[in-house]
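*Asks:* pasting the sequence and the predicted model now:
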Amino acid sequence: MRFKSFFVVALAMVMAVPAIAGQPAINFDRPADQRGINVFEPTKLDTVKFKGLQVRLGGSFTQSFQAIEHSTQAVPVMATLGANQINLNELFPLGTGFNLANANLNIDVQLADGISVKLENYMSSRHHQNFWVKGGYIQIDKLPFFGNPQWFAEHFRARIGHFGVNYGDQHFRRSDNGNTMFNPFSENLIMDAFATEIGAELYFFPNEDFTIMAGLTSGLIQGDVQEYPGIKKNPAILGKVAYDNQFNEDLRVRLSASVYHNSSAIRSTLYAGDRAGSRYLFVGEPVFFRDMRAGGAITRSGATNRFTSGRINPDFTNQITTFMINPFVKFRGLEFMGTIEIGRGKLHAETEFRNATQLAGEVIYRFLPNESAFVAARYNVVDANIGGANADISVDRMQFAAGWFPTRNLLVKLEYVTQSHDGFVNTDIRHGMEFSGFMLEAALAF
């Protein structure tokens with residue numbers, strides 16, 4: 001989408017907020033604004049009376065300003081481009097300026113009592129700057145066509161369709177294209193576990209404190225009916241157990257454990273499923289690179305073809321087993337969110353499995369009436385064998401942030417980030433790479 005066209009859409013979204021504020025509520029749903037912060041799986045409490053078919057139009061929008069510097073200690077790797085000699089390890093010349101604005105469009109429909117449909121769309125992103133569908137699914141919390149049995153309405157939920165898999169708790173807090181309302185920081189974790197897959201998840205809520213989930217998906221980011229000779233195409237299996245208790249008015253404790261497994265995938269994208277891209281544009285990217293999807297042709301870096309800046313993908317594309325544990329504690333305005341992630345997998349061409357470990361801890365303090373302001377800090381480290389010449393690498397990141405909600409639909413936040421890379425061979429542009437600087441973001445959601 002062109003820059004001018006996007007702001008026409010953005011202006012229309014802002015002007016539409018007063019009208020949209022009067023839209024009907026969708027039951028068993030997570031609010032898109034500030035009220036959705038620290039909401040994980042939506043509650044099973046039946047709080048919205050069914051009044052017939054209802055349609056809600058919602059959206060989110062984020063504009064960011066970037067001021068980041070980067071450096072590398074990699075040796076020059078020379079190549080010929082036309083009549084010129086170029087260095088493939090020359091970093092992209094970063095300055096300061098506004099990044100491409102991002103926007104999401106969401107359509108939620110209450111079809112029947114306890115049955116809703118959700119359609120999620122990206123109107124502008126790094127990887128696809130035009131309008132495209134992220135996914136859509138049906139959520140079933142009641143069975144009106146079977147007489148609304150109480151045992152299902154109180155204890156079960158099903159999600160069926162194309163959706164972001166419920167692996168771990170970090171995906172409830174991450175920035176998702178234009179939706180950055182729930183993330184106190186600008187960017188997500190270094191090893192960003194997020195993928196949209198086709199399948200189903202069944203939830204069991206034995207009581208108001210426990211959630212148990214089992215899921216089965218295609219293991220692919222999109223549909224694929226092709227048969228691949230000599231390669232099995234197995235489904236992905238996922239599971240989750242979570243304990244979440246509001247002990248009193250001041251203290252809330254949550255602990256969850258998740259697993260994702262695929263014994264043979266055509267191309268698993270659990271760590272490469274975010275087609276919206278990193279919040280850090282061109283950070284750590286070269287001016288030119290060899291595009292292996294184009295037969296190794298030398299290509300100039302762009303926002304679309306280098307959209308995962310600053311992240312690490314362990315490349316567990318064929319076989320993958322990974323676990324995530326997330327402790328969350330909130331005492332009054334002070335909260336802690338932790339991540340312990342251990343993964344194992346390999347590529348099709350590999351015979352030996354590789355390992356990856358990620359640790360992250362973030363502390364947020366929310367203050368002022370309605371917790372409308374916050375300060376936050378996060379430390380994140382990844383130690384992984386990513387294959388090839390870079391057998392064992394380590395990447396660590398520190399983020400400091402402050403934010404303010406002028407209203408529950410608006411957020412302004414400032415982040416300072418610093419990241420360093422260790423263990424990469426000297427011919428890799430990430431050898432001794434460091435970057436640091438500021439991100440300023442303004443977001444709205446309704």
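*Replies:* Yep, that arrived. If you're wondering where the values come from, they're calculated on a predicted model, not measured in any experiment.

*Asks:* strands along the stretch 51-200 of the chain, start to end?
*Replies:* 54-71, 78-81, 84-87, 96-98, 102-112, 115-124, 132-140, 156-164, 196-204 (DSSP state E, counting those that start in this stretch).

*Asks:* can you list the ones you listed in CSV and add mean pLDDT and mean neighbour count?
*Replies:* C-beta coordinates here come from the backbone N, C-alpha and C atoms, glycine included. Conversion of the strands of the stretch 51-200 of the chain to CSV gives the following (pLDDT from 0 to 100; neighbours: other Cβ atoms under 10 Å):
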stretch, mean pLDDT, mean neighbour count
strand 54-71, 96, 19
strand 78-81, 92, 12
strand 84-87, 94, 13
strand 96-98, 95, 11
strand 102-112, 96, 20
strand 115-124, 94, 21
strand 132-140, 94, 18
strand 156-164, 97, 19
strand 196-204, 97, 20
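
*Asks:* mind putting those in CSV, distance to residue 296 included?
*Replies:* Output for the strands of the stretch 51-200 of the chain, formatted as CSV (distance: least, Cβ to Cβ, whole Å):
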stretch, distance to residue 296
strand 54-71, 25
strand 78-81, 10
strand 84-87, 14
strand 96-98, 31
strand 102-112, 31
strand 115-124, 30
strand 132-140, 28
strand 156-164, 33
strand 196-204, 29
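
*Asks:* looking at it, residue 158 is touching residue 139, isn't it?
*Replies:* Yes. The pair residue 158 / residue 139 is scored as a contact, 7.4 Å apart, by Cβ atoms under 8 Å.

*Asks:* list the buried residues of stretch 259-269.
*Replies:* Going by neighbour count (16 or more other Cβ atoms under 10 Å), the buried part of stretch 259-269 is 260, 261, 262, 265, 266, 268, 269.

*Asks:* that should have said stretch 138-151, apologies.
*Replies:* 138, 139, 140, 141, 142, 143.

*Asks:* quick check, residue 144 in contact with residue 111.
*Replies:* No. Using Cβ under 8 Å as the test, residue 144 is too far from residue 111 to be in contact (9.7 Å).

*Asks:* re the thing from before, ok, so of the buried residues of stretch 138-151, who is nearest residue 206?
*Replies:* residue 141 (15.7 Å; Cβ to Cβ).

*Asks:* contact partners for that closest one?
*Replies:* 27, 28, 44, 114, 115, 116, 153, 156, 157 (Cβ atoms under 8 Å, 6 or more residues apart in numbering).

*Asks:* and if you look at residue 69?
*Replies:* Counting by Cβ under 8 Å, 6+ apart, residue 69 has contacts 94, 435, 436, 437.

*Asks:* that one pairs with what?
*Replies:* Applying DSSP bridges to residue 69 gives these bridge partners: residue 436.

*Asks:* please report how far it lies from residue 418.
*Replies:* According to Cβ to Cβ, to the nearest Å, residue 69 and residue 418 sit 10 Å apart.

*Asks:* which residues do those two both contact?
*Replies:* 435, 436.

*Asks:* which one of the buried residues of stretch 259-269 is nearest residue 235?
*Replies:* Looking across the buried residues of stretch 259-269 and measuring by Cβ to Cβ, the closest to residue 235 is residue 262, at 7.4 Å.

*Asks:* who does the closest one bridge with?
*Replies:* residue 320.

*Asks:* adjacent strands (with direction) for the helix or strand hosting residue 375?
*Replies:* Taking DSSP states H and E as the definition, one finds residue 375 inside strand 373-384. Using DSSP bridges, strand 373-384 pairs in its sheet with strand 354-367 (antiparallel), strand 393-407 (antiparallel).

*Asks:* could you pull out the buried residues of that strand?
*Replies:* For strand 373-384, by 16+ other Cβ under 10 Å, it's 374, 376, 377, 378, 380, 381, 382, 383, 384.

*Asks:* got the contact list for the last one?
*Replies:* Residue 384 makes contacts with 191, 312, 314, 354, 355, 356, 357, 392, 393, as judged by Cβ under 8 Å, 6+ apart.

*Asks:* in the stretch 251-400 of the chain, which spans are strands?
*Replies:* 251-262, 288-291, 297-300, 319-331, 334-346, 354-367, 373-384, 393-407.

*Asks:* would you reformat those strands as CSV and include mean pLDDT?
*Replies:* Putting those into CSV (pLDDT from 0 to 100) gives the following:
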stretch, mean pLDDT
strand 251-262, 98
strand 288-291, 93
strand 297-300, 92
strand 319-331, 98
strand 334-346, 98
strand 354-367, 98
strand 373-384, 98
strand 393-407, 98
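
*Asks:* let me have those in TSV, extended by distance to residue 196.
*Replies:* Shown next, in TSV, are the strands of the stretch 251-400 of the chain (distance: least, Cβ to Cβ, whole Å):
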stretch	distance to residue 196
strand 251-262	13
strand 288-291	24
strand 297-300	27
strand 319-331	16
strand 334-346	19
strand 354-367	21
strand 373-384	23
strand 393-407	25
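
*Asks:* so which of these is nearest residue 180?
*Replies:* Short answer: strand 393-407, nearest of those by Cβ to Cβ, at 10.1 Å.

*Asks:* buried ones in the closest one?
*Replies:* 393, 395, 396, 397, 399, 401, 403, 405.

*Asks:* who does the fourth one form a beta bridge with?
*Replies:* In this entry, residue 397 is beta-bridged to residue 380, residue 419, by DSSP bridges.

*Asks:* that one against residue 415, yeah?
*Replies:* No. Contact criterion Cβ under 8 Å: residue 397 and residue 415 do not qualify, at 11.1 Å.

*Asks:* what touches both of these two?
*Replies:* Counting by Cβ under 8 Å, 6+ apart, nothing touches both residue 397 and residue 415.

*Asks:* not counting residues beside it along the chain, what's closest to residue 105?
*Replies:* Distances taken as Cβ to Cβ, 6 or more residues apart in numbering put residue 121 closest to residue 105, at 4.4 Å, once the chain neighbours are dropped.

*Asks:* and for residue 67?
*Replies:* Closest to residue 67 by Cβ to Cβ, 6+ apart is residue 96, at 4.2 Å.

*Asks:* over to residue 224?
*Replies:* residue 266 (6.5 Å).

*Asks:* try residue 435
*Replies:* residue 70 is the one closest to residue 435 (Cβ to Cβ, 6+ apart), at 3.7 Å.

*Asks:* one more: residue 326?
*Replies:* residue 169 (3.8 Å).
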